[in-house]
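Q: Please find the sequence and the predicted model below.
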Amino acid sequence: MSGIERQVFFNGAFVPESQARISIYDSALMFGDMVFEMTRSFNKEQFKLREHLERLYASIKYVHIPIEMTIDEMEENVYKTIEINDPLFADDDEHRVMINVSRGLLSIYQDVVGVEKGTNVIIADFPLRWTVSSMAEYYDTGINAVIPSQRAIPAWLLEPKVKNRSRLHYLMANIEVSNYSGSNNWALLLDPDGFVAEGTGDNFFIVKDGALYTPEPRNILRGISRQYIIEELAPALGIPCREQNLELYDVMTADEAFFTGTPFCIMPATQINSTDIGSGSMGEITRTLLRRWGENVGVDIIAQIKAYGKSRKEDYRAPSPYSFKK
């Protein structure tokens, strides 16, 4: 390894993180033409990596990006990337792996700009704490889910089940929600029919009368964490779970609600448009799901993220996915 810099897998070779760059003429920059996945570990062990890779290859197939690397080879390269970077991680760090696949140079620039043409496969590995340290307080306060004017893009316009980098609609929702007072506001998008869809990078559940409800999967990214709750956690705990259309009314009259996402697993949503959901604090079923998840992976999820929060260092002059300079 070069010095103490993390290494990135870039088209078959490892390069220093600061040198892992794609061309300004890449289709990813021109069209947002890139599919990706991001994973995390628990106790340095990757969680649901194969499921993430299966979704990645489904996205690659859907958008017709040519790729020679097999899914098994991709998995092997992920583990190589983790192995080469692990010595630079603290003992309490988790691996946050980011896999980006782009189509590469557009044809009019090939053989002209002196950049290797063809599909780009980029695997980076950085500490999970970067992503979750700012979320630590929300396990106490809960999230205020805010409905922005920006709507989710339905599948009949642009397939949301493809995890891609064309996410301007997410960004516009976050910009709008960032203008609300308080620091715990997350966007919750409705679809064009007015039904609850998803957050800007996370899925959504409510609890009513002891059962879980989550939006139908047609107009959302079908999250790996969402799938884990529906197919494994909820059945193991004997909690009924149904996929169905949800309206704002259903959220406002729910007993509990929460977001799900790979880095934080489950995050309680205690308000909707600043109105309390249930008691206005994390509900018992939400807490039970989080506890069982932690038991299954051998990590106290809340305690881990709160510990990361205590060591948080952030440049507040820079934009984040949730806050923007006016």
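A: Yep, it's here. Everything quoted here is computed from the prediction, not taken from an experiment.
Q: Could you list the low-confidence segments of the stretch 1-150 of the chain?
A: 1-3 (pLDDT under 70).
Q: Tell me which stretches of it form helices.
A: Along the stretch 1-150 of the chain, counting by DSSP state H, counting those that start in this stretch, helices occupy 27-31, 49-62, 71-85, 129-132, 138-141.
Q: Surely Arg40 and Leu128 touch.
A: Yes. Using CB atoms under 8 Å, Arg40 is in contact with Leu128, at 5.3 Å. C-beta here means a position set from N, CA and C on the backbone, and glycine is covered the same way.
Q: for the helix or strand containing Phe259, the distance to its chain's centre please.
A: For Phe259, the host element (DSSP states H and E) is strand 256-261. How far strand 256-261 lies from its chain's middle: 13 Å, per CA atoms, centre = their mean, to the nearest Å.
Q: ok, residues contacting it?
A: 143, 145, 186, 199, 201-207, 223, 225-226, 229, 251, 266-270, 272, 277-278, 282-286, 289 (CB atoms under 8 Å, 6 or more residues apart in numbering).
Q: and these, which are buried?
A: For the contacts of strand 256-261, a burial check counting by 16 or more other CB atoms under 10 Å picks out 143, 145, 186, 199, 201-207, 223, 225-226, 229, 251, 266-270, 272, 277-278, 282-283, 285-286, 289.
Q: Please spell out which residues along the helix or strand containing Arg292 are buried.
A: In the assignment (DSSP H and E), Arg292 maps to helix 284-297. Of the residues in helix 284-297, 285-287, 289-290, 292-294, 297 count as buried by neighbour count, 16+ other CB under 10 Å.
Q: what's the closest of those to Glu54?
A: Nearest to Glu54, judged by CB to CB, of the buried residues of helix 284-297 is Val297 at 19.8 Å.
Q: Tell me if I'm right that the closest one and Phe42 touch.
A: Yes. Using CB under 8 Å, Val297 is in contact with Phe42, at 3.8 Å.
Q: Please name the bridge partners of Ala211.
A: When bridges are called by DSSP bridges, Ala211 pairs up with Lys208.
Q: Tell me which residues touch it, please.
A: The neighbours of Ala211, taking CB under 8 Å, 6+ apart as the test, are 239-242.
Q: Would you quantify the distance from it to Ser311?
A: Using CB to CB, to the nearest Å, we find Ala211 at a distance of 38 Å from Ser311.
Q: again with Asp250
A: Counting by CB to CB, the gap from Asp250 to Ser311 is 39 Å.
Q: and those two? which has more neighbours close in?
A: Taking neighbours as other CB atoms under 10 Å, Asp250 and Ser311 compare with Asp250 leading, 17 against 11.
Q: That one against Lys208, yeah?
A: Yes. At 7.4 Å, Asp250 and Lys208 qualify as touching, with contact defined as CB under 8 Å.
Q: Roughly how far does the closest residue to Val196 other than its chain neighbours sit from Asn144?
A: Leaving aside its chain neighbours, Val196 sits nearest to Leu246 (4.3 Å; criterion: CB to CB, 6 or more residues apart in numbering). Per CB to CB, Leu246 is found 18 Å from Asn144.
Q: mind listing what the nearest residue to Arg218 once chain neighbours are set aside touches?
A: Excluding the flanking residues, the one nearest Arg218 by CB to CB, 6+ apart is Ala155, at 5.6 Å. Neighbouring residues of Ala155 by CB under 8 Å, 6+ apart: 161, 218-219.
Q: now swap in Asp202 and tell me
A: For Asp202, the contact set (CB under 8 Å, 6+ apart) comprises 186, 223, 259-261, 267.
Q: Ok, Asn184 next?
A: For Asn184, the contacting residues are 137-138, 141-144, by CB under 8 Å, 6+ apart.
Q: From these, keep the buried residues only.
A: 138, 141-144.
Q: Same list, those, but as a markdown table with distance to Arg50 please.
A: Below are those laid out as a markdown table (distance: CB to CB, whole Å):
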| residue | distance to Arg50 |
| --- | --- |
| Tyr138 | 29 |
| Thr141 | 35 |
| Gly142 | 32 |
| Ile143 | 29 |
| Asn144 | 35 |
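Q: Out of the residues you listed, the closest to Tyr170 would be?
A: For those, the residue nearest Tyr170 by CB to CB is Ile143; the value is 15.9 Å.
Q: Tell me if I'm right that the closest one and Trp186 touch.
A: Yes. Using CB under 8 Å, Ile143 is in contact with Trp186, at 4.9 Å.
Q: Quick check: the gap between Lys117 and Ser102.
A: Distance, Lys117 to Ser102, by CB to CB: 12 Å.
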